[in-house]
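1. fold the following for me, if possible:
(one chain, ligands or ions: 1)
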Amino acid sequence: MGKTAVPTPSILAEVTAVLATWAMLSEAEKVALLRPCHIQLTEQSRSADQYGSSIRGNVRALWSGAVDVEQFMIAMRATVQRGLTQAWHEGAGECGIKPDELTDAETKALEAAVRSEYSYIFAFGEYIEANNKANKGRLQDLYGRVSLWVNRYLDITNRAKVMACRDQKLEWVLNYVRGTKESCPSCKKLAGQVRRGSMWERWGVRPQSPPNRRLACGGWKCGCGLVPTDKPVSRGRLPTLP
Ligand SMILES: [Zn+2]
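-> Coordinates of the predicted model:
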């Protein structure tokens, strides 16, 4: 299918195509698809898990040849748009802000995050095609990359939190993402720091957010979270980073 073959964004039709592919899978394949990959997800973030499942569904469809790169891109855009919006609402919700209460600045920041994520879809699609079933590529290897996309989901949740909790206090919590064991020295230095959302935002220090120059781990597999708290604000400056 060439670029001109899709005159209008027929996103729903493409998503339906991916879902139809899903329906054809065996139970064993579905179980394999739903198994969480590198990042073990929390109850707090079950929707991040769903985000990973949707992406794995898209990856599998392209890997197996059920859809072409263009259809993959359309389906991925829908997944990213839906997923990151959900992530933002989830983060803001932890600060008591409802979806229809977002400010213009927050809405713009969400849109920018979605656009930025779109820019990685094509390269991901090309990589999958080069390593597809016909080329004897392994699906599990491709799934390994999905954790990076799920990491972005967590990143967006934190970004939403520092904006929505501007005047509220957020504590940097290690191993917030269940199953992670932080060994990053920067994250360990930040553990227990309590600051207002506006301060975290001003300093630009957030969990995940790869590539993250403030963290020695780069944020790629960061399991930390910013959690609303009643604990007293930490005194003094932030520890020297990374
Ligand atoms: Zn971390």
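2. how many neighbours does Ser119 have?
-> Other residues within reach of Ser119 by the criterion other Cβ atoms under 10 Å amount to 8. For every residue, glycine as well, the C-beta is placed using N, CA and C.
3. model confidence for it, exactly?
-> Looking at Ser119, its pLDDT is 94.
4. when you give positions from now on, start the count at 677
-> Will do, 677 is the new start, and the previous item becomes Ser795.
5. may I have the phi/psi pair for it?
-> phi -70, psi -10 (degrees, to the nearest 10).
6. swap in the one 5 residues further on?
-> Backbone geometry at Phe800, expressed as degrees, to the nearest 10, gives phi -60, psi -40.
7. thinking Gly759 is in contact with Tyr727, fair?
-> Yes - the pair Gly759 / Tyr727 is scored as a contact, 4.0 Å apart, by Cβ atoms under 8 Å.
8. overlap of the contact sets of these two?
-> Here Gly759 and Tyr727 share the contacting residues Tyr829, scored by Cβ atoms under 8 Å, 6 or more residues apart in numbering.
9. figure out how far the lengthiest helix in the chain is from the centre of its chain.
-> Looking across the chain with DSSP state H, the single longest helix is helix 745-770. Helix 745-770 sits 9 Å away from the centroid of its parent chain (Cα atoms, centre = their mean, to the nearest Å).
10. cool, stretch 726-734 as well?
-> The answer for stretch 726-734 is 11 Å, by Cα atoms, centre = their mean.
11. send me it as PDB with only the CA atoms.
-> The C-alpha coordinates for stretch 726-734 follow below in PDB (Å, rounded to 0.1, in the frame of the first residue of the first chain):
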ATOM      1  CA  GLN A 726      -2.300  -2.200  28.800                       C
ATOM      2  CA  TYR A 727      -0.300   0.300  26.900                       C
ATOM      3  CA  GLY A 728       2.500  -2.200  26.500                       C
ATOM      4  CA  SER A 729       0.000  -4.900  25.400                       C
ATOM      5  CA  SER A 730      -1.400  -2.700  22.700                       C
ATOM      6  CA  ILE A 731       2.100  -1.900  21.400                       C
ATOM      7  CA  ARG A 732       3.000  -5.600  21.400                       C
ATOM      8  CA  GLY A 733      -0.100  -6.300  19.500                       C
ATOM      9  CA  ASN A 734       0.900  -3.700  16.900                       C
END
